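Peer 1: test case, fold it:
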Amino acid sequence: MTQNAHSADLMDRIRSRRAVVGIIGLGYVGLPLALAAVEAGFPVLGFDISPSRVEAILAGRQVINYLAPEALRTALDSGRLDATTDFARLSEADAVILCVPTPVTRNRDPDLSFVRASAASAAAALRPGQVVVLESTTWPGTTDEVVRPLLEAGGLKVGREVFLAFSPEREDPGNAHFGTRTIPKVVGADDPASRDLAVALYEAMITRVVPVSSAAAAEAAKLTENIFRSVNIALVNELKLVYDAMGIDVWEVIDAAATKPFGYMPFYPGPGLGGHCIPVDPFYLTWRAREFGMETRFIELAGQINTAMPGVVVDRLARALSDHAERALKGARILLVGAAYKKNVDDTRESPSLVLIEAIEARGATCDFHDPLIAQIPPTREHPGLAGRRSVDLTREALAGYDAVLIATDHDAVDYALVSDAARLVVDTRNAMARRGLPGDRVVKA
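Peer 2: Numbering: from 1, shown residues only. Presented below is the predicted three-dimensional model:
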């Protein structure tokens with residue numbers, strides 16, 4: 001077959017919804033994408049290294065707290081969704097989408113081990129007439145310099161027999177207003193055939209697709225989005241410290257500034273950054289920029305400010321205990337509310353709450369946690385000593401036993417009225433109490 005025949009046949013399969021969509025990684029990105037593909041009419045084959053996760057998905061059990069199990073069961077009942085740990089079955093897929101983590105090392109260098117492993121799996125099963133799309137956030141050039149050589153090692157050429165594109169994930173876990181189908185999708189590739197095929201694939205699933213000229217441009221777009229957020233969150237975290245020293249409530253200032261209908265976008269302070277994107281992704285560009293002899297001073301300064309915030313919060317907690325309870329942090333009993341990295345999700349990846357627990361206990365206090373969405377802290381590379389700790393029940397009797405409650409994540413499911421009524425002292429990093437009309441003499445903003 002000729003190059004045009006391969007791309008033409010695949011395009012026909014995509015447009016007729018006969019193309020099998022294979023998705024590697026059935027987590028917060030891959031599983032919602034799989035459901036969107038099924039809803040669009042495609043047969044979907046999901047791949048994951050976790051047998052227990054595959055088993056749970058095939059049983060229709062809820063594996064992501066904000067993803068309705070009914071949607072998963074509907075997809076399974078349609079007969080168009082399957083899942084497996086057998087990566088040899090990638091040969092069955094016409095489109096292979098990689099949705100795997102891209103963490104950083106302790107030195108903030110990119111860790112592309114998951115990308116390389118999934119691309120190698122795709123390469124091992126590669127056949128003419130497949131398109132491979134990387135969705136994992138990474139440095140500009142990864143698709144061409146890392147994924148492409150792996151796919152071409154067997155002799156098939158990208159743009160001729162097989163096709164390759166990059167389309168960054170834009171999931172916002174817990175967002176009630178935007179989901180996989182309604183968030184515009186950026187798509188970039190380094191040859192026209194690959195770009196056209198990837199655009200056609202996503203246009204079948206997503207409301208709006210935004211093509212760009214290259215995979216590197218799409219990779220840079222995703223980094224730009226997250227760097228924008230990281231820098232602006234660092235800015236308001238710094239402003240919080242400055243205004244606090246002046247006796248000014250930064251939350252009131254932000255609300256007032258947000259009434260301007262142009263030229264301003266509100267960002268909010270917190271106890272640090274968490275999740276799989278904002279604390280990690282900016283440093284992919286920092287690392288890449290060094291190869292070009294460039295500095296990324298804004299990015300690195302933002303990282304320093306955001307990384308310092310848990311320490312600032314613990315100092316504020318110690319001062320609040322001294323000022324309001326006339327006792328030291330050492331020996332105190334603290335209840336941290338919210339172990340997740342953001343409200344209304346059950347995800348602890350890079351959560352500042354885990355840093356806070358360790359920092360509080362390093363100061364000689366004991367620290368329990370309550371989280372309505374996380375029954376137990378999962379194992380993590382950064383905080384192995386916290387694995388297995390269980391959430392305590394939020395009761396009047398339990399609250400009476402703590403010297404202070406530290407609100408780190410403002411889940412909607414928390415009974416803040418009970419906290420206000422029964423806690424001796426509340427240190428609030430999210431303005432959760434004031435937003436619910438529950439400020440008082442025993443509530444301290446941090």
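
Peer 1: and the pLDDT for His276?
Peer 2: The model reports His276 with a pLDDT of 73.

Peer 1: what about the residue lying closest to it once chain neighbours are set aside, neighbour count?
Peer 2: Excluding its sequence neighbours, the residue lying closest to His276 (Cβ to Cβ, 6 or more residues apart in numbering) is Arg349, at 5.0 Å. To be clear about C-beta, it is placed using only N, CA and C from the backbone, and glycine gets the same treatment. Counted with other Cβ atoms under 10 Å, residues neighbouring Arg349 total 21.

Peer 1: for Arg349, what are its contacts?
Peer 2: Gly274, Gly275, His276, Tyr341, Thr380 (Cβ atoms under 8 Å, 6 or more residues apart in numbering).

Peer 1: what is the top helix by length along the chain packed up against?
Peer 2: Using DSSP state H to define each element, the chain has its longest helix at helix 215-245. Here helix 215-245 touches strand 163-166, strand 185-188, helix 250-257, helix 282-291, helix 297-320, going by 3 or more Cβ pairs under 8 Å, 6 or more residues apart in numbering; DSSP states H and E.

Peer 1: tell me the SS of the most centrally placed residue in the chain?
Peer 2: In the chain, the residue lying closest to the centroid (Cα atoms, centre = their mean) is His276, at 3.8 Å. Here His276 is recorded as coil under DSSP: H, G, I helix; E, B strand; the rest coil.

Peer 1: ok, so what distance separates it from Pro173?
Peer 2: 9 Å (Cβ to Cβ, to the nearest Å).

Peer 1: same question, Met433
Peer 2: 24 Å.

Peer 1: compare the two (neighbour count), which wins?
Peer 2: Met433 (24 against 21).

Peer 1: and the more buried one, that one's in a helix?
Peer 2: Yes. Under three-state DSSP, Met433 sits within a helix.

Peer 1: and Lys342, what does it touch?
Peer 2: Pro173, Gly174, Gly274, Gly275, Thr409.

Peer 1: tell me the one of those residues nearest Val147?
Peer 2: Gly275 (24.0 Å; Cβ to Cβ).

Peer 1: find the nearest non-adjacent residue to that closest one, please.
Peer 2: Spatial nearest neighbour of Gly275, excluding adjacent residues (Cβ to Cβ, 6+ apart): Tyr341 at 4.6 Å.

Peer 1: the one you found against Asp347, yeah?
Peer 2: Yes. Between Tyr341 and Asp347 there is a contact under Cβ atoms under 8 Å: 5.9 Å.

Peer 1: for the two, list the residues in contact with both.
Peer 2: Gly275.

Peer 1: state the mean pLDDT of the strand or helix carrying Ala37.
Peer 2: Using DSSP states H and E, Ala37 maps to helix 30-39. Across helix 30-39, pLDDT averages out at 97.

Peer 1: what does it rub up against?
Peer 2: When contacts are defined by Cβ under 8 Å, 6+ apart, helix 30-39 is touched by residues 21, 23-24, 26, 44, 46, 48, 57, 63-64, 67, 71-72, 75, 78, 80-81, 97, 99, 135, 169, 171, 179-181, 205-206.

Peer 1: hang on, the earlier thing: nearest to Leu425, of the contacts of Lys342?
Peer 2: Thr409 (18.3 Å).

Peer 1: follow-up on the earlier one: can you select the buried ones among the contacts of Lys342 for me in ChimeraX?
Peer 2: In ChimeraX syntax, the buried subset of the contacts of Lys342 is picked out as below (16 or more other Cβ atoms under 10 Å):
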select :173,174,274,275,409
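
Peer 1: got the contacts of Lys342 as CSV, with distance to Ala123 columns?
Peer 2: Listed next are the contacts of Lys342 as CSV, based on distance: Cβ to Cβ, whole Å:
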residue, distance to Ala123
Pro173, 30
Gly174, 35
Gly274, 33
Gly275, 30
Thr409, 40
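
Peer 1: which one of the contacts of Lys342 sits closest to Ser230?
Peer 2: Closest approach to Ser230 among those (Cβ to Cβ): Gly275, at 10.9 Å.

Peer 1: what's the spacing between the closest one and Arg349?
Peer 2: 6 Å.

Peer 1: for the residue nearest to Ile305 when sequence neighbours are not counted, give its distance to Gly272.
Peer 2: Closest residue to Ile305 apart from its sequence neighbours, by Cβ to Cβ, 6+ apart: Ala234 at 4.1 Å. Between Ala234 and Gly272 the computed distance is 11 Å (Cβ to Cβ).
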